[in-house]
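> Structural data only, the sequence is not supplied:
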């Protein structure tokens, strides 16, 4: 049982390292992580008295 938990722990660590590497290396391969830069204006009506 401990052997399975140990391998799951190693797998989680490797997945975390892969995620961080993708975040840093991804833009070189065409992944765009920037949010859309569109301005949105929505009128708001306040019921203040």
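Noted; the coordinates are in hand. Just so it is clear, the model here is predicted, and its values are computed rather than measured.

> what does the helix or strand where residue 9 lies contact?
Using DSSP states H and E, residue 9 maps to helix 2-25. Residues from elsewhere that reach helix 2-25 (C-beta atoms under 8 Å, 6 or more residues apart in numbering): 31, 33. All C-beta spots, glycine's among them, are computed from the backbone N, C-alpha and C.

> same thing but 6 Å
With contact meaning C-beta atoms under 6 Å, 6 or more residues apart in numbering, helix 2-25 is reached by no other residue.

> Off-centre distance for it?
Offset of helix 2-25 from its chain centre (C-alpha atoms, centre = their mean, to the nearest Å): 16 Å.

> What residues of it count as buried?
Using 16 or more other C-beta atoms under 10 Å as the test for burial, helix 2-25 gives no buried residues.

> mind starting the numbering at 54 from now?
In the new numbering, first residue 54, that becomes helix 55-78.

> mean confidence score for it?
The predicted model gives helix 55-78 an average pLDDT of 95.

> again with stretch 88-102
88.

> Buried ones in it, by neighbour count?
So, applying 16+ other C-beta under 10 Å, stretch 88-102 has no buried residues.

> Quick one: end-to-end length of it, please.
One end of stretch 88-102 to the other measures 38 Å (C-alpha to C-alpha, to the nearest Å).

> Check stretch 94-102 too.
24 Å.

> and if you look at stretch 86-99?
Start-to-end span of stretch 86-99 (C-alpha to C-alpha) is 35 Å.

> How much space separates residue 80 from residue 100?
Using C-beta to C-beta, to the nearest Å, we find residue 80 at a distance of 46 Å from residue 100.
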